[in-house]
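Participant: here is the input, now give the coordinates:
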Amino acid sequence: MHDPTIQHQPSCEDELNIGLLTVAEAQARIRDGVAPVSDTDTVPVREALGRVLAEDIISPINVPSHTNSAMDGYAVRAGDLPDEGVREFPVPGTSWAGRPWLKPIEPGQAVQIMTGGMMPEGADTVVMQEQVEREADMVRIGSGHRCGQNVRAAGEDLATGQPVFSAGRLLSAADIGVLASLGLGEARVYRRLKVAFFSTGDELRPVGEPLGPGEIHDSNRYTLYGMLEKLGVEIIDLGVVRDRRELIEQAFRDAAASADAIITSGGVSVGEADFVKETLEKLGSMSFWKIAMKPGRPVTFGHIDNAVFFGLPGNPVSVMVTFFVFVRQALQKMTGATGASDVLTLHARTITPLRKRPGRFEFQRGVMEQAGPGEFTVRSAGAQGSGVLRSMSEANCFIMLAPDRTSVDTGEQVEVQPFQNLI
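Facilitator: Prediction:
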């Protein structure tokens, strides 16, 4: 029990604090405080994968460029097909993909055609080869077919002049295939966003170096690197910066000179070295927030020169959670991508109890599995401490528990956000 004679400051142990920002309020402030890059690059289509399109794409051609067969079979006039019984058709030749039959089809003829082969002039229907009997230069076709079957019309996929993609689209493998199908060898995309990051703290040692008393390996730079790599940005790793005023200031100046965004971990909560906050306020405009969330209560956001700054907590899980909740969508907006920050939210039935006190929005780590069509279960990934990075490694989703929610019993429904392919 706290000594009543001591005046306590707000801490991360508090559940109900007046003046804490909600998660949604913090997201809105950050979203309003960032802007997309405007510079563009023109790159070969293969190098456009994962880049953000900087111009609208209008189809310059029909795709496919000619009416063609969707099957191996025989091209005929639908009016020549029998209503009942069987009819024999002479076969004057074959239309191959890339080597079309250039003569008009005569009434009563059937031209053999391969998948992708151009339809002969006058033909409007393809009968699959499995549905005919072929003997020498004749083919027997029965009834039961319909006009236009197994035919792909010119422009069926994309027509000349049709809008294809809008600027701001994050290009997928299918998208660059579509660009190639239009005959486009290059794409104009927004330049890659440059993101610099570093960790602060005298206790941090690089991976591969022995630990002294009270020292730990710096894992935050590795998780940040992995999450940034997922976003396809240009990454600038400035390493570990010791708790020295001059070193901190120089690191911020170097980062601001070379990057569009700066991310740090550590040094943003009460009790950290005072010169961190002083340096940030000296170099730029900063907002130091306490957010009603767990983990990840203290977050710093602002600008240093022309760079956006995100100061994340030092605990490993808090770094990943605050990146997912705040930084990820901000960086995606800065890349010029539209609609890319949406995260799928599902409902799942808990198969383990979940402990929670009211007051803060909690992002508990969970393991979600599909229990049936449209049905999911979720269980806790184990210890939920902000320093237990293993919980993030073993989890595949966040269990989203609203501020007013209390502990959850087995069998209750909760909201979950899968993150396995996102961070």
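Participant: so where's the stretch 201-350 of the chain shaky on pLDDT?
Facilitator: Within the stretch 201-350 of the chain, the ranges that satisfy pLDDT under 70 run 267-275, 340-341.
Participant: do you have the helices of it handy? List them.
Facilitator: Remark: helices assigned in the stretch 201-350 of the chain by DSSP state H, counting those that start in this stretch are 220-231, 245-258, 274-283, 316-322, 328-334.
Participant: for residue 292, find the nearest of these.
Facilitator: Closest to residue 292 of these, according to C-beta to C-beta: helix 316-322, at 13.1 Å. To be clear about C-beta, it is placed using only N, CA and C from the backbone, and glycine gets the same treatment.
Participant: out of the helices of the stretch 201-350 of the chain, which comes closest to residue 166?
Facilitator: helix 328-334 (15.7 Å).
Participant: what residues does the closest one touch?
Facilitator: Contact with helix 328-334 is made by 27, 30-31, 33-37, 193, 195, 227-228, 231, 233, 260-261, 308, 310, 340-341, 422-423, as judged by C-beta atoms under 8 Å, 6 or more residues apart in numbering.
Participant: give me the distance from it to the chain's centre.
Facilitator: 11 Å (C-alpha atoms, centre = their mean, to the nearest Å).
Participant: likewise stretch 83-97?
Facilitator: 50 Å.
Participant: which ones among the contacts of helix 328-334 are found in strands?
Facilitator: Secondary structure from DSSP state E places 195, 261, 308, 310 of the contacts of helix 328-334 in strands.
Participant: before we move on, the earlier item: now the helices of the stretch 201-350 of the chain as TSV including mean neighbour count and distance to residue 381?
Facilitator: Compiled in TSV, those are given as follows (neighbours: other C-beta atoms under 10 Å; distance: least, C-beta to C-beta, whole Å):
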stretch	mean neighbour count	distance to residue 381
helix 220-231	19	16
helix 245-258	17	33
helix 274-283	17	32
helix 316-322	26	10
helix 328-334	21	20
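Participant: to residue 73, which of those lies closest?
Facilitator: helix 220-231 (45.7 Å).
Participant: what ranges do the strands span in the stretch 251-400 of the chain?
Facilitator: 261-265, 284-290, 293-294, 298-304, 307-312, 346-350, 361-372, 375-380, 397-401 (DSSP state E, counting those that start in this stretch).
Participant: out of the ones you listed, which one sits most buried?
Facilitator: Highest mean neighbour count of the strands of the stretch 251-400 of the chain: strand 261-265, a mean of 27 (counted as mean count of other C-beta atoms under 10 Å).
Participant: ok, and what's touching the helix or strand harbouring residue 180?
Facilitator: Secondary structure assigned from DSSP states H and E places residue 180 in helix 173-181. For helix 173-181, the external contacting residues (C-beta under 8 Å, 6+ apart) are 45-46, 48-49, 57, 63, 157-158, 164-165, 169, 171, 187.
Participant: nearest to residue 243 among those residues?
Facilitator: Nearest member of those to residue 243, counting by C-beta to C-beta, is residue 49, at 41.1 Å.
Participant: what sits against that closest one?
Facilitator: With C-beta under 8 Å, 6+ apart, residue 49 has these contacts: 171-173, 176.
Participant: make a ChimeraX selection of the buried ones in the residues you listed.
Facilitator: This is the ChimeraX syntax for the buried subset of those, where burial follows 16 or more other C-beta atoms under 10 Å:
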select :171,176
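Participant: taking the contacts of residue 49, tell me the two that lie furthest apart.
Facilitator: 171 and 173 (8.5 Å).
Participant: just the CA coordinates for stretch 355-365, please, in PDB.
Facilitator: Taking C-alpha atoms only, stretch 355-365 is exported to PDB below (Å, rounded to 0.1, in the frame of the first residue of the first chain):
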ATOM      1  CA  ARG A 355      -7.100 -10.900 -17.000                       C
ATOM      2  CA  LYS A 356      -7.800  -7.200 -17.300                       C
ATOM      3  CA  ARG A 357      -8.600  -4.100 -15.200                       C
ATOM      4  CA  PRO A 358     -10.800  -1.300 -16.700                       C
ATOM      5  CA  GLY A 359      -9.200   2.000 -17.700                       C
ATOM      6  CA  ARG A 360      -6.900   1.300 -20.700                       C
ATOM      7  CA  PHE A 361      -7.200  -0.200 -24.200                       C
ATOM      8  CA  GLU A 362      -5.200  -3.400 -24.000                       C
ATOM      9  CA  PHE A 363      -3.400  -5.200 -26.800                       C
ATOM     10  CA  GLN A 364      -2.900  -8.600 -25.400                       C
ATOM     11  CA  ARG A 365      -1.000 -11.100 -27.500                       C
END
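Participant: before we move on, the earlier item: which entries within the contacts of helix 328-334 meet the buried criterion?
Facilitator: 27, 30, 34, 36-37, 193, 195, 227-228, 231, 233, 260-261, 308, 310, 340, 423.
Participant: avg pLDDT for the helix or strand harbouring residue 415?
Facilitator: Following DSSP H and E, one finds residue 415 within strand 413-418. Taken as a whole, strand 413-418 has a mean pLDDT of 95.
Participant: what helices and strands are in contact with that strand?
Facilitator: strand 346-350, strand 361-372, strand 375-380, strand 397-401 (3 or more C-beta pairs under 8 Å, 6 or more residues apart in numbering; DSSP states H and E).
Participant: now the residue nearest to residue 242 when sequence neighbours are not counted. Its backbone dihedrals?
Facilitator: Nearest residue to residue 242, sequence neighbours excluded (C-beta to C-beta, 6 or more residues apart in numbering): residue 202, at 5.6 Å. Note on residue 202: its backbone torsions stand at phi -70, psi -20 [degrees, to the nearest 10].
Participant: so what touches stretch 243-252?
Facilitator: Taking C-beta under 8 Å, 6+ apart as the rule, stretch 243-252 contacts 198, 200-202, 238, 241, 262, 267, 273, 275-276, 278-280, 282-283, 304.
Participant: do that again at 7 Å, thanks
Facilitator: 198, 200-202, 238, 241, 273, 275-276, 279, 283, 304 (C-beta atoms under 7 Å, 6 or more residues apart in numbering).
Participant: ok, those residues vs residue 367, which is closest?
Facilitator: The nearest member of those to residue 367, counting by C-beta to C-beta, is residue 201 at 31.2 Å.
Participant: how close does the residue lying closest to the closest one once chain neighbours are set aside sit to residue 220?
Facilitator: Of all residues not flanking residue 201 in the chain, residue 266 sits nearest, at 5.1 Å (C-beta to C-beta, 6+ apart). Separation of residue 266 from residue 220 (C-beta to C-beta, to the nearest Å) stands at 7 Å.
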